[in-house]
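# Test case, fold it:
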Amino acid sequence: PLPRAAQILGSSVAVGATSMCQKAVMFLTGSVDPTFGLSEDYASVRSMSKTYDAVLFTYSLGSDADTLKVKKLACENRGVFYPVPDNADLGGIMSAYIKYFAYGQEMCSASFLSYTSATGGQTLLAGCMAAYDRTGPNPDLLGVTCMDTNLLTDVGQWNATAGWPFFVCTASDMTKQCRQVDLAECHRQKIRAAYSSESVCDLTAEQRQYSMVTQDTVCPCRDPGCQDDPEFTDELGYFCDTWVGDDCENPNPTWGYSQPGLVQVREKCPRSCGRCEWSSGACGRTTSVECPVIPIAKECRACLGRTSGVDIEQRPMACPPGAPRNIAPTDPPAASASPASSPELHLALAAAVAVFTW
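Next up is the predicted model:
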């Protein structure tokens, strides 16, 4: 199943049907193929994880399950191992993967969701923002609050106005923006320990350093001032955040980037490229800082650079009519150099493997 997972990830990247901001593989098993276990087997999985920046979550099902190999797969690939007892709530346990990404990301802009009312059948549009507890050195997600724009105006009338296409475009830009997952091994060990002591990894020196981590342990942190240039587009027309999940050092050569172009990407996009430095030890901050002030966009990304996928109305991203300018590249790139930025979730099953890209 895991080689098939690599094929699914490769196909998804090539098609560009999803955002490709984050990629995860969920491997469930009650027993592992006895022929699996050679060093090259694990190396192949590590290569897949690195190539596609995919986190591996593994689940051993039942009290008699093989746990050693399944745990090693997760620990070698920045993931979490979940031993699942007999008669446990498998759905609840599997859904906990979202905590990994919630813990490592800070959402500083709103996301918009269009949905149909369960009672009246009308189309509603909600704007949602994450709320954080900032009394510690790292922001801790409290929850998400949403408000229907229908409380302010009738969406059915609004979408008939001249300004509606611009709103859809900018709201889609905010919703589809990729965020880097900032997790050091200390953070991952805390996530593992929160589920079970059996999930804590001890393969590397860094993992052993944090093997006794508790929820009160202060982990390293990154400088909040290390941010991308929000107006930068690279030589192929992509914005910084589309590099989240891609290798800014040695990207696929078929993408067509020059060395000077890659140097500029690394300079302008340090956060999306994962180049912001971690503190040498425990974070020196006692509280986390507020999100930076995000200026209100006056132009859509589809008018300024490359965008792909669909907008919040499930239509292809496009520069709205009447925009003050449209300087986005029109020629197709040599290959999909960066995420396609779509709010869709792609799910593909291969035996006992679920592959998520979003």
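
# What ranges in this protein fall below the confidence cut-off?
For the chain, the stretches with pLDDT under 70 are 1, 16-19, 32, 333-358.

# ranges for the helices of the protein?
Secondary structure of the chain (DSSP state H): helices located at 2-15, 39-52, 68-75, 90-95, 97-104, 155-158, 164-176, 185-195, 205-209, 259-268, 301-304.

# Run the chain-centre distance for the fourth one.
Right, helix 90-95. Distance of helix 90-95 from its chain centroid, counting by CA atoms, centre = their mean, to the nearest Å, is 19 Å.

# Ok, the first one next?
Distance of helix 2-15 from its chain centroid, counting by CA atoms, centre = their mean, is 17 Å.

# If you count neighbours, what's buried in that helix?
Neighbour counts using 16 or more other CB atoms under 10 Å place 2, 5-6, 8-9, 12-13 of helix 2-15 among the buried residues. In this view, the C-beta of every residue, glycine as well, is placed from N, C-alpha and C.

# which secondary structure elements does it contact?
Here helix 2-15 touches strand 23-29, helix 39-52, strand 346-350, strand 353-357, going by 3 or more CB pairs under 8 Å, 6 or more residues apart in numbering; DSSP states H and E.

# Contact partners for the nearest residue to L142 once chain neighbours are set aside?
Nearest non-adjacent residue to L142, counting by CB to CB, 6 or more residues apart in numbering: A131, 4.6 Å away. Counting by CB atoms under 8 Å, 6 or more residues apart in numbering, A131 touches 141-145.

# next one: C108
291-292, 294.

# ok, now how distant is it from M129?
If you measure C108 against M129 using CB to CB, to the nearest Å, the figure is 9 Å.

# One more: S117?
When S117 is compared with M129 (using CB to CB), they lie 21 Å apart.

# Which one's more surrounded, the two?
The neighbour comparison of S117 against M129 (other CB atoms under 10 Å) goes to M129, with 14 against 11.

# Return the residues in contact with the nearest residue to S109 once chain neighbours are set aside.
In space, S109 comes closest to M174 once its chain neighbours are excluded; the distance is 4.7 Å by CB to CB, 6+ apart. Residues near M174 by CB under 8 Å, 6+ apart: 109-112, 297.

# Quick check: the two most widely separated of those residues?
Using CB to CB, those span at most 14.5 Å, a distance reached by S111 and A297.

# Looking at the two, which has the bigger crowd around it?
More neighbours surround S111 than the other of S111 and A297, with 20 against 16 (other CB under 10 Å).

# Tell me how many other residues surround the closest residue to the more buried one other than its chain neighbours.
Closest residue in space to S111, ignoring its immediate chain neighbours: T175 at 4.4 Å, by CB to CB, 6+ apart. Here the number of neighbours of T175 (other CB under 10 Å) works out to 20.

# partners of the biggest strand by length in the chain, with directions?
Ranked by number of residues, the top strand in the chain under DSSP state E is strand 123-133. Strand 123-133 has the following sheet partners, assigned by DSSP bridges: strand 111-116 (antiparallel), strand 140-148 (antiparallel).

# from memory M129 sits against E106, does it?
No. The criterion here is CB atoms under 8 Å, and M129 misses it with E106 at 11.7 Å.

# Please enumerate the shared neighbours of these two.
With CB under 8 Å, 6+ apart, M129 and E106 have no common neighbours.

# dump the residue contacts of A65.
Here A65 is in contact with 29-31, 83-84 (CB under 8 Å, 6+ apart).

# make it 6 Å
A65 sits next to G30 when contact means CB atoms under 6 Å, 6 or more residues apart in numbering.

# Ok, the one 5 residues further on next?
By CB under 6 Å, 6+ apart, the residues touching V70 are 58, 60.

# Can you redo the helices of the chain as a markdown table, where the extra columns are distance to D223?
Shown next, in a markdown table, are these (distance: least, CB to CB, whole Å):
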| stretch | distance to D223 |
| --- | --- |
| helix 2-15 | 30 |
| helix 39-52 | 25 |
| helix 68-75 | 28 |
| helix 90-95 | 32 |
| helix 97-104 | 16 |
| helix 155-158 | 41 |
| helix 164-176 | 24 |
| helix 185-195 | 16 |
| helix 205-209 | 20 |
| helix 259-268 | 16 |
| helix 301-304 | 26 |
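
# quick one: which of these is nearest C21?
helix 164-176 (8.5 Å).

# ok now that closest one, how far from the chain's centre?
With CA atoms, centre = their mean, you get 20 Å for helix 164-176.
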